[in-house]
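Participant: Sequence and computational prediction follow.
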Amino acid sequence: MSLLTRRRLLRRAALSATAAGAARAGLTGAAAAGIAATAATAGCDDTPETGTDSADAGRGAVRFPTGFGWGAATSAYQIEGAAKEDGRGESVWDTFSHTPGRTRNGDTGDVAADHYHRYAADLDLMRDLGLRSYRFSISWPRIQADGTGKPNQRGLDFYRRLVDGLHERGIAPMATLFHWDLPQALQDDGGWENRDTADRFGDYAEAVFHALGDRVPVWLTINEPKTVVQNGYIWGHHAPGRQDPDAAYLVAHHLQLAHGLAVQALRAGGTKVRIGPALNLHPCYPADDTAEAAAATRLHDGYENRLYLDSILKGAYPQDVLADLGADSRMAKGIRDGDLKIISSPVDLLAVQYYTPLYVTAQRDTVSKWPTSEAEWQQIYPDGMYDILTRVTRDYGRIPITITENGLPCPDTLAADGTVNDQGRIDFLRDHFAAAHRAIRDGVPLESYHVWSLLDNFEWAEGYEQRWGLVYVDYPSQRRVLKRSAHWYRDVIRKNGL
Ligand code: FCB
């Protein structure tokens, strides 16, 4: 790894250790210099000034292709609760959230939105919203408490009931195999630094496909490998809480390998259902018009996007990133003959998660240009959605795309009249839907869109403070209340457009 990269990563780790919440996209708000002067925090009650061409939305004539898959997304640890039930083992997130000082207010996912017990009512909510697709994740430690061996039937049965309930309501299930809740027992053996974990993941995937494969038309392998790499191993804000850039990129390789092994396991089972990766992509733009910023942006894009896209869709890691990491990096030394062939096993679709753009300086710091949300790492820039979608199609061909996450946290409160007015979320979604629509118009084969999130939930290191749901969860009573955005979204789905 080049000295500059190492210094930059460690400087960022040091900065973010003191900047609560700046954990996600690595925004170094303090480094925002001149550009930051234009940034502000967007309230959720008013319409923020955003960089978007929302002319489409304004005309009120935005119609999506027939059968477009309007959906919502969740993940197991963030909503299920029931942390000790039916044979579930511990995950790295149980350990992390129970470690003092790791999450806001010491929050854990022990109960979360209690979805494990309330899934039937949640399915009815989804039906009432008119959802056509629901993206959820399967908790590895519910299926294999220690990450290996015979699958736990009670864990499989829960997901079978969920999937059956979706079919009964005419909602297409979309399941993610891994949304960060690695069995703690595997972490104790080295976690994703240990190549064996990728093999264990292949076995776990095979067991899940055997039990549920045909009932789930779309499978996603690993949710946001980059977030595990950056937040889990560089900045340390997520489980397992490490700050070791050299280990981080070995982890990246093993996550990619695990993805490929899961794809192969699905194919070996002979089912006809589809599978793909779920990548959070960040369009990267130079912070100014110097040649140095342009060069830094190019390399930054390699770390943010091409490391994952090129290996899966082109069968090679980007040369500039490999050169920057260096031949003696743990990642470079961990790549074996044949690995890229496994990683690039053909996929059927690409799941894109878009939240924010990144603006890169000559020194490879990232700075803010647009208003940020309650999540400081998120700049509100709908055109970034258009840019990343059209770029993927341009650079990687017409692989079908699903958006598996996009959304906004708002300081939602339940008013005395029982409503939750989240106009800011409506504005945000309208502008992003319009950007996605423009991308479709310009040739992007986008087939579905999942809002993050169906329910308010455990937002990792931020605990329960940030509310991302279309549906408000009153945690003490676990009552669900449709926010205004949920009513609005139901209309969008009904009209198939804006
Ligand atoms: C994504 C995660 C998801 C949620 C949203 C806000 O990076 O995949 O679990 O935390 O961010």
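Facilitator: Cool, got the structure.

Participant: low-scoring stretches of the stretch 51-200 of the chain, by residue?
Facilitator: Low-confidence segments of the stretch 51-200 of the chain (pLDDT under 70): 51-60.

Participant: Looking at it, what residue ends up closest to the ligand?
Facilitator: Per C-beta to the nearest ligand atom, the residue of the stretch 51-200 of the chain with the smallest distance to the ligand is residue 75, at 5.0 Å. Just so you know, the C-beta spots here come from the backbone N, C-alpha and C atoms, and that holds for glycine as well.

Participant: now that residue, nearest residue through space, not along the chain?
Facilitator: With C-beta to C-beta, 6 or more residues apart in numbering as the criterion, residue 75 has its nearest non-adjacent residue at 3.7 Å, and that residue is residue 179.

Participant: That neighbour and residue 428, how far apart?
Facilitator: Here residue 179 is placed at a distance of 23 Å from residue 428 (C-beta to C-beta, to the nearest Å).

Participant: Helix, strand, or coil at residue 288?
Facilitator: Assigned with DSSP: H, G, I helix; E, B strand; the rest coil, residue 288 falls in the coil class.

Participant: Give me the pLDDT for it.
Facilitator: pLDDT, the model's per-residue confidence, is 98 for residue 288.

Participant: Do I have it right that it meets residue 363?
Facilitator: No: with contact taken as C-beta atoms under 8 Å, residue 288 and residue 363 are classed as non-touching, separated by 11.4 Å.

Participant: how many neighbours does residue 268 have?
Facilitator: Using other C-beta atoms under 10 Å, residue 268 is surrounded by 11 other residues.

Participant: max-length helix in the protein?
Facilitator: With DSSP state H applied, the helix covering the greatest number of residues in the chain is identified as helix 245-269.

Participant: Can you give the strand pairings for the helix or strand following that one, parallel or anti for each?
Facilitator: Per DSSP states H and E, helix 245-269 leads on to strand 274-280 as the next helix or strand towards the C-terminus. Strands that pair with strand 274-280, judged by DSSP bridges, come out as strand 218-223 (parallel), strand 350-353 (parallel).

Participant: out of those, nearest to residue 376?
Facilitator: strand 350-353 (18.1 Å; C-beta to C-beta).

Participant: secondary structure class for residue 77?
Facilitator: Local secondary structure at residue 77 is given as helix here, using three-state DSSP.

Participant: Let me fix that, I meant to ask about residue 384.
Facilitator: helix.

Participant: likewise residue 465?
Facilitator: coil.

Participant: export the strands paired with strand 274-280 to a markdown table and tack on mean neighbour count and distance to the ligand?
Facilitator: As requested, the strands paired with strand 274-280 are exported to a markdown table (neighbours: other C-beta atoms under 10 Å; distance: least, C-beta to the nearest ligand atom, whole Å):
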| stretch | mean neighbour count | distance to the ligand |
| --- | --- | --- |
| strand 218-223 | 26 | 5 |
| strand 350-353 | 25 | 6 |
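
Participant: Check which residues of stretch 328-346 are buried.
Facilitator: 329, 330, 331, 332, 334, 335, 339, 340, 342, 343, 344, 345 (16 or more other C-beta atoms under 10 Å).

Participant: Out of these, list just those in helices.
Facilitator: Within those, membership in helices is found for 330, 331, 332, 334, 339, 340, 342, 343, as judged by DSSP H.

Participant: Give me the pLDDT value at the closest residue to residue 384 other than its chain neighbours.
Facilitator: With C-beta to C-beta, 6+ apart as the measure, residue 357 is the residue that lies nearest to residue 384, at 3.9 Å, once sequence neighbours are left out. Per-residue confidence for residue 357 comes out at a pLDDT of 98.

Participant: Residue 357: neighbour count?
Facilitator: When neighbours are defined as other C-beta under 10 Å, residue 357 has 25 of them.

Participant: same question, residue 386
Facilitator: A count of neighbours around residue 386, defined by other C-beta under 10 Å, yields 24.

Participant: Confirm for me that it is in contact with residue 440.
Facilitator: No: proximity of residue 386 to residue 440 does not meet the contact threshold set by C-beta under 8 Å, at 10.0 Å.

Participant: ok, the closest residue to residue 305 other than its chain neighbours to residue 423 distance?
Facilitator: With C-beta to C-beta, 6+ apart as the measure, residue 281 is the residue that lies nearest to residue 305, at 5.2 Å, once sequence neighbours are left out. Going from residue 281 to residue 423 by C-beta to C-beta gives 28 Å.

Participant: Quick one: name the residues of the stretch 201-350 of the chain near the ligand.
Facilitator: Counting by C-beta under 6 Å from any ligand atom, the positions of the stretch 201-350 of the chain adjacent to the ligand are 223, 224, 227, 280.

Participant: same thing but at 5 Å, please
Facilitator: Contact residues (C-beta under 5 Å from any ligand atom) of the stretch 201-350 of the chain with the ligand: residue 224.

Participant: Would you mind measuring the gap between the ends of stretch 277-287?
Facilitator: End-to-end distance for stretch 277-287: 29 Å, by C-alpha to C-alpha, to the nearest Å.

Participant: so how far is that stretch off the chain centroid?
Facilitator: Put simply, stretch 277-287 sits 12 Å off its chain's centre (C-alpha atoms, centre = their mean, to the nearest Å).

Participant: sorry, back to before: of all the ones in helices among the buried residues of stretch 328-346, which comes closest to residue 322?
Facilitator: The shortest distance between residue 322 and any of these, using C-beta to C-beta, involves residue 332 and amounts to 6.5 Å.

Participant: Model confidence score at the closest one, please.
Facilitator: Looking at residue 332, its pLDDT reads 98.

Participant: and the closest residue in space to it that isn't next to it in sequence, how many neighbours?
Facilitator: Beyond its immediate neighbours in the sequence, the residue positioned closest to residue 332 (C-beta to C-beta, 6+ apart) is residue 325, lying 6.1 Å away. As a burial measure, the neighbour count of residue 325 was computed by other C-beta under 10 Å and equals 25.

Participant: Could you do residue 393 as well?
Facilitator: For residue 393, the count of nearby residues is 19 (other C-beta under 10 Å).

Participant: Likewise for residue 238?
Facilitator: Around residue 238 there are 23 other residues, counting by other C-beta under 10 Å.

Participant: Can you verify my assumption that it contacts residue 231?
Facilitator: Yes: contact criterion C-beta under 8 Å: residue 238 and residue 231 qualify, at 3.8 Å.

Participant: of all of the stretch 301-450 of the chain, which residue lies closest to the ligand?
Facilitator: In the stretch 301-450 of the chain, the residue found nearest to the ligand is residue 405; the distance is 5.6 Å by C-beta to the nearest ligand atom.

Participant: Mind listing the residues bridging to that residue?
Facilitator: Residue 405 forms beta bridges with residue 353, as assigned by DSSP bridges.

Participant: That one is in contact with residue 72, isn't it?
Facilitator: No: contact between residue 405 and residue 72 fails when scored by C-beta under 8 Å: they sit 9.8 Å apart.

Participant: For the residue nearest the centre of the chain, give me its contacts.
Facilitator: In the chain, the C-alpha nearest the mean C-alpha coordinate belongs to residue 224, at 5.0 Å (C-alpha atoms, centre = their mean). The neighbourhood of residue 224, defined by C-beta atoms under 8 Å, 6 or more residues apart in numbering, consists of 278, 279, 280, 353.

Participant: Whichever residue of the stretch 251-400 of the chain sits closest to the ligand: how many residues sit nearby?
Facilitator: At 5.5 Å from the ligand, residue 280 is the closest residue in the stretch 251-400 of the chain, using C-beta to the nearest ligand atom. The tally of other residues near residue 280 (other C-beta under 10 Å) stands at 24.

Participant: Which per-residue confidence value corresponds to the nearest residue to residue 313 once chain neighbours are set aside?
Facilitator: The shortest distance from residue 313 to any non-neighbouring residue, by C-beta to C-beta, 6+ apart, is to residue 396 (4.7 Å). Model confidence at residue 396, expressed as pLDDT, equals 98.
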